[in-house]
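A.B. asks: any chance you can model this:
(3 chains)
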Amino acid sequence: MSSKDFFVQPAPLLAPALIGKTLVRVQNGERVAGIITETEAYQGQEDLACHARVGRTRRTEVMFGEPGRAYIYFTYGMHWLLNIVADQAGSPAAVLIRAIFPLEGLAIMEQNRPIAGKRSQWLNGPAKLTQAFGLNGSLNGHDLRNTNSELFLEDGISVPGELLEVGPRVGLGKTPEPWLSMPWRWVLNFEHAIEKTEKGTI
DNA sequence: CGGCCGATTATCT
DNA sequence: GATAATCGGCCGG
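C.D. replies: Numbering: from 1, shown residues only, chains lettered A, B, ... in the order given. Presented below is the predicted three-dimensional model:
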């Protein structure tokens, strides 16, 4: 990530690499931040679950562009979802950020969105985290490598790959196989990770 | 718990 | 005109 080419890799490689990174949002000079704990990969026009399957449109344009940009789109008539553009320009790919563990700016998050229950559940959904971070289409195309901006990535914690849980992407509806079952979802579940570590599984 | 269902609108065909 | 990379509420067990 600190490396210039971190984002220049296919989404199925970038997605697990993003687990553990810190997403930082600056609102009114205040930091709102947390650790990315769940991602999904959407790779290329051949991936029939990827928006770019239909080629270049106003919406997918960002995905065809520079890696390291934010691809933020609107869905279900009410939700904004955040993705990070992957792979080289010209090759449409993106990683959906599905969950974040909140660390900084908790009061601002609460202002942006009512929070309840366990802290690990506050931002465990792609639309929940955009609300809490105050994100919408206005930052679509934003360069996430600019650490002097209102939205960017920072090095977070180092997560051994063995602690990640892998499975098929969710919410794809009638997407045909093999794309429907492609194991392109990565999750870091702290509870499970701790268990594994204590059992000496790793 | 788990499953079903309605909300609500930008974007695409 | 149809669809949607979701969420929260409501229902039954």
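A.B. asks: is the helix or strand bottoming out on mean pLDDT in chain A up against DNA strand B anywhere?
C.D. replies: Here the helix or strand of chain A ranked lowest by mean pLDDT, DSSP states H and E is helix A:190-199, holding a mean of 84. No: using C-beta under 7 Å from any atom of the strand, we find that helix A:190-199 stays clear of DNA strand B, coming within 12.5 Å at best. For glycine as for every other residue, the C-beta is placed from the backbone atoms N, C-alpha and C.
A.B. asks: chain center to that helix: distance?
C.D. replies: Centroid separation for helix A:190-199 versus its chain: 23 Å, with C-alpha atoms, centre = their mean, to the nearest Å.
A.B. asks: where does the residue in chain A that DNA strand B sits nearest to land on pLDDT?
C.D. replies: DNA strand B sits closest to A:Gly77 of chain A, with a gap of 2.0 Å, by C-beta to the nearest atom of the strand. A:Gly77 is assigned 95 on the pLDDT scale.
A.B. asks: give me the number of residues near it?
C.D. replies: 5 (other C-beta atoms under 10 Å).
A.B. asks: before we move on, what about A:Ala17?
C.D. replies: By other C-beta under 10 Å, the residues close to A:Ala17 number 18.
A.B. asks: then A:Lys118?
C.D. replies: Using other C-beta under 10 Å, the number of residues around A:Lys118 comes to 8.
A.B. asks: still on that earlier bit, buried residues in the least confident helix or strand of chain A?
C.D. replies: Buried residues in helix A:190-199, counted by 16 or more other C-beta atoms under 10 Å: A:Ala193.
A.B. asks: can you check stretch A:175-188 too?
C.D. replies: Within stretch A:175-188, the residues that qualify as buried are A:175, A:179, A:182, A:184-188, counting by 16+ other C-beta under 10 Å.
A.B. asks: how about the helices in chain A?
C.D. replies: With helices called from DSSP state H, chain A shows them at A:11-18, A:61-64, A:106-112, A:119-122, A:126-132, A:190-199.
A.B. asks: those helices: which one's closest to DNA strand C?
C.D. replies: helix A:126-132 (3.5 Å).
A.B. asks: anything in that closest one sitting right up against DNA strand C?
C.D. replies: Yes: applying C-beta under 7 Å from any atom of the strand, one finds helix A:126-132 touching DNA strand C at A:126-128.
A.B. asks: list the contacts of the residue nearest to A:Leu188 when sequence neighbours are not counted.
C.D. replies: Nearest non-adjacent residue to A:Leu188, counting by C-beta to C-beta, 6 or more residues apart in numbering: A:Thr37, 4.5 Å away. Counting by C-beta atoms under 8 Å, 6 or more residues apart in numbering, A:Thr37 touches A:19, A:99-101, A:124, A:187-190.
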